[in-house]
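Q: Quick one: sequence and predicted model below, then my questions.
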Amino acid sequence: MPMSAVTPEYLVRGYALALEQCGRLLLDACALYERGSFANAVVLAAFAREELGRSQILLDLWREGSPVTVKQIEAKCVEHVKKQLAGMLSLTYRADRNAGLGKILVALTTNPHSRAWKDAKAQLEKMDAKMKRQTPNRRHMQRMTALYVEPKSPSEWNRPADLAAEEACRVLQDAMNDYLNRYQQGYVGAGASILQDTCPRLYRALEQMPDRPNLPAPVKINLPSHGRTTKKTPKKASKRPRGP
């Protein structure tokens, strides 16, 4: 006997619960980070991103409006890399302002009708496409490296405890920024919600949800003074978010 389809309300509730879990995992990751447990913080941040991806998958199923069963939902959400892809809500670049990528980002602040701006835009679009292809698997492998002691070579082991504070800081900042995007633009909180204007249908569905969870508030992540860091150079960060 075929399973019956779930209701739209079921999908919206899953979206809300996955966002809640994303926030909880990120706060726990931050607590580990503050204690100097950088590798374990990266592991939890990766799982938080997967829950962010799960929320996006459920939101997409709700928007499509086609009948979907629990087994189909499970199949959609089973693969780590696919959830990482779905959870990519923005692209973040860090670069020296005076070289390579930094020059491209600076050129995009010039006149949009200029040749320099058009060339920079074309280059960045190619870089965006490459990053979108590579980042989900890279984040999955980053989690594996932060979690497991495994051979790197016949003479060397991967040691998660060697992961530097600076790397963990970047991972947490980027994950928190994407969660912040949903917290501010894709949910209903205590105050006024931008979602009421950007997606009234989702706003109404969340407003009508019984026992709607309150999302954990995002926090700021700073590099700890006691952390193991690498040499730092001047950076320019560029973040391009995606709407709900």
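A: Received, thanks.
Q: Going along the chain, name the helices of this protein.
A: Here the chain has its helices, by DSSP state H, at 8-34, 38-64, 70-76, 80-86, 101-107, 115-147, 165-185, 195-198, 200-207.
Q: Tell me which of those helices approaches Pro218 most closely.
A: Minimum separation from Pro218 across the helices of the chain (CB to CB) falls at helix 165-185, 4.5 Å. Every C-beta, even on glycine, is put in place using the N, C-alpha and C of the backbone.
Q: so what does that closest one touch, helix or strand wise?
A: Helices and strands touching helix 165-185, by 3 or more CB pairs under 8 Å, 6 or more residues apart in numbering; DSSP states H and E, are helix 8-34, helix 38-64, strand 90-95, strand 236-241.
Q: next one: stretch 40-48 to chain centre, how far?
A: Its chain's C-alpha centre and that of stretch 40-48 lie 11 Å apart, by CA atoms, centre = their mean, to the nearest Å.
Q: Identify the residues contacting it?
A: Residues external to stretch 40-48 that are found in contact with it (CB atoms under 8 Å, 6 or more residues apart in numbering): 21-23, 25-26, 28-30, 32-33, 84, 139-140, 142-143, 146-147, 160, 163, 167-168, 171-172, 175, 179.
Q: can you do 6 Å?
A: 22, 25-26, 28-29, 32-33, 139, 143, 146-147, 168, 171-172, 175 (CB atoms under 6 Å, 6 or more residues apart in numbering).
Q: ditto for stretch 12-20
A: Glu51, Arg54, Ser55, Leu58, Leu59, Trp62, Arg182, Ala205, Pro213, Leu215.
Q: Closest one of those to Lys121?
A: Nearest to Lys121 out of the contacts of stretch 12-20 is Arg182 (CB to CB; 27.1 Å).
Q: just to revisit the earlier point, the helices and strands packed on helix 165-185: which one's closest to Trp117?
A: Nearest of these (CB to CB): strand 236-241, 14.5 Å.
Q: pLDDT (mean, whole number) over the closest one?
A: Mean per-residue pLDDT for strand 236-241: 52.
Q: got a pLDDT number for Cys199?
A: pLDDT at Cys199 comes out at 93.
Q: Revised request: answer the last question for Ala192.
A: For Ala192, the pLDDT comes out at 65.
Q: I'd like the helices of the chain laid out as JSON lines, including distance to Ala95.
A: Converted to JSON lines, the helices of the chain look like this (distance: least, CB to CB, whole Å):
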{"stretch": "helix 8-34", "distance to Ala95": "24"}
{"stretch": "helix 38-64", "distance to Ala95": "22"}
{"stretch": "helix 70-76", "distance to Ala95": "35"}
{"stretch": "helix 80-86", "distance to Ala95": "23"}
{"stretch": "helix 101-107", "distance to Ala95": "4"}
{"stretch": "helix 115-147", "distance to Ala95": "10"}
{"stretch": "helix 165-185", "distance to Ala95": "13"}
{"stretch": "helix 195-198", "distance to Ala95": "31"}
{"stretch": "helix 200-207", "distance to Ala95": "35"}
